[in-house]
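A.B. asks: Below is the structure, and that's it, no one-letter string:
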Ligand SMILES: [Zn+2]
């Protein structure tokens, strides 16, 4: 048997051109001017509350919170704090950013929504070599366990006869991996992002986010929802670069002017993707109710400096308001520079 080895593999996209299934509701193409305009808007109208640095390194922990330990989410007396609480899920590669204010019970509850996040992004976590305590996840398909995984920093794809899941396009020098995700709840993914944002807030802002705390404290994703279902839109980007974000990055912004834009914006970047949300805050966003507010992308480093990566950046809005489990067809495109045959 001979197998093919492909060098220089870059994840290109989670989906093919023209596909708009899976709740993607909009695509935007940004020009340089628009990116500068958006960055200037945030610079002029927002305070930068939290910017992460080096979360994937083995350096000493960045600890949020203080003694005595009180759970920020449930405030329950007699709470225990025996577990290490990662502010950004460990599975996204965060080794350092931890907190003192998440009790064991809340930590366990949050692990269920982190599981939804993990299932949603298993494909790119696998290909981009991002992992947590259990290592880099693998995609496994079919009865013979065809799979995509990482070995020594290389993507290994094993496709058995009768279990086709890859397409090779020699002319375009691309491989597409087609797989069906494990079922996950979109609203749980959003809640996971909101939980990270709430953890990053300074103490003096917590009072403004009581409705969010109420939602985060509920065991079910729909219980105590802050807004109606149509309000959970996430601004996404995908970069045609393997491991553009070798470690996760987070950014938390707070509006400081009367601009008609959400009070609090949270951005999470990991692997080769980014997710941006407006952190639910009805108390401070009352005056936006009933208005058509277009939330701008906060330009991340590769939007500001696109020459740092080889390929394009795709952006779109993704509706995450549903709590119904869904399993979706996903596609990851990989491009390569050379192809050769190995003797077995
Ligand atoms: Zn708690």
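C.D. replies: Right, received. Where do you want to start? Because the structure is predicted, anything quoted here is derived from the model rather than measured.

A.B. asks: The most centrally placed residue in the chain: helix or strand, and which one exactly?
C.D. replies: Centroid-nearest residue in the chain, with CA atoms, centre = their mean: residue 275, separated by 5.1 Å. Taking DSSP states H and E as the criterion, residue 275 maps to strand 273-278.

A.B. asks: Describe which strands that strand pairs with in its sheet and in which direction.
C.D. replies: strand 233-239 (antiparallel), strand 264-271 (antiparallel) (DSSP bridges).

A.B. asks: same question for the shortest one, mean pLDDT?
C.D. replies: Regarding strand 233-239, the rounded mean pLDDT is 92.

A.B. asks: List the neighbours of that strand that are in contact with it.
C.D. replies: 13-14, 24-25, 189-190, 193, 272-277, 295, 297, 300, 302-303, 309, 311, 313-321 (CB atoms under 8 Å, 6 or more residues apart in numbering). Any C-beta I mention is one placed from the backbone N, CA and C, and that applies to glycine too.

A.B. asks: Give me the buried subset of the residues you listed.
C.D. replies: Among these, those classed as buried by 16 or more other CB atoms under 10 Å are 13-14, 24, 189-190, 193, 272-277, 297, 300, 302-303, 309, 311, 313-321.

A.B. asks: just the helices in the protein please.
C.D. replies: Taking DSSP state H as the test, the helices found in the chain are 32-45, 104-120, 122-127, 186-200, 210-217, 301-304.

A.B. asks: What are the contacting residues of the last one?
C.D. replies: Helix 301-304 is touched from outside by 30, 35, 39, 237, 239, 241, 244, 297, 308-309, 313, with contacts defined as CB under 8 Å, 6+ apart.

A.B. asks: same check, this time on the longest one
C.D. replies: Outside helix 104-120, the residues within contact range by CB under 8 Å, 6+ apart are 71, 73-74, 76, 79-83, 85, 89, 91-92, 102, 125, 137, 181-186, 188-189, 191-192, 195, 217, 219, 221.

A.B. asks: Make a PyMOL selection of the buried ones in those.
C.D. replies: Only the buried entries of these go into this PyMOL selection, using 16+ other CB under 10 Å:
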select buried, resi 71+73+74+79+81+85+89+91+92+102+125+137+181+184+185+186+188+189+191+192+195+217+221
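
A.B. asks: Name the residues of stretch 212-231 that are buried.
C.D. replies: Buried, per 16+ other CB under 10 Å, within stretch 212-231: 212-213, 215-217, 221, 225-226.

A.B. asks: Looks like residue 76 contacts residue 70 (just checking).
C.D. replies: No: with contact defined as CB atoms under 8 Å, residue 76 does not count as touching residue 70 (9.1 Å).

A.B. asks: which residues are in contact with both of the two?
C.D. replies: By CB under 8 Å, 6+ apart, no residue touches both residue 76 and residue 70.

A.B. asks: returning to that earlier point: from the strands paired with strand 273-278, which stretch is densest packed?
C.D. replies: Among the strands paired with strand 273-278, ranked by average contacts under mean count of other CB atoms under 10 Å, first place goes to strand 264-271 (a mean of 25).

A.B. asks: residues making contact with that one?
C.D. replies: Residues outside strand 264-271 that contact it (CB under 8 Å, 6+ apart): 42, 46, 88, 92-93, 121, 124-125, 128, 130, 193-194, 196-197, 200-201, 209, 243-245, 247-255, 274-279, 281, 284, 295, 298, 300.

A.B. asks: For stretch 190-209, buried residues please.
C.D. replies: 190-201, 205, 208-209.

A.B. asks: Identify the farthest-apart pair in those residues.
C.D. replies: 192 and 208 (20.7 Å; CB to CB).

A.B. asks: And residue 209, how far from residue 120?
C.D. replies: 24 Å (CB to CB, to the nearest Å).

A.B. asks: List the single closest residue to residue 125 in space, sequence neighbours excluded.
C.D. replies: Residue nearest to residue 125 in three dimensions, not counting chain neighbours: residue 137, with 5.3 Å by CB to CB, 6 or more residues apart in numbering.

A.B. asks: Then residue 144?
C.D. replies: In space, residue 144 is closest to residue 160, 4.2 Å off (CB to CB, 6+ apart).

A.B. asks: That neighbour touches residue 146, doesn't it?
C.D. replies: Yes: if you go by CB under 8 Å, residue 160 and residue 146 touch, sitting 4.9 Å apart.

A.B. asks: So for the two, which residue has more residues nearby?
C.D. replies: residue 146 (20 against 14; other CB atoms under 10 Å).

A.B. asks: what's around the residue lying closest to the more buried one once chain neighbours are set aside, how many residues?
C.D. replies: Leaving aside its sequence neighbours, residue 146 sits nearest to residue 163 (CB to CB, 6+ apart; 4.3 Å). Neighbours of residue 163 under the rule other CB under 10 Å: 15.
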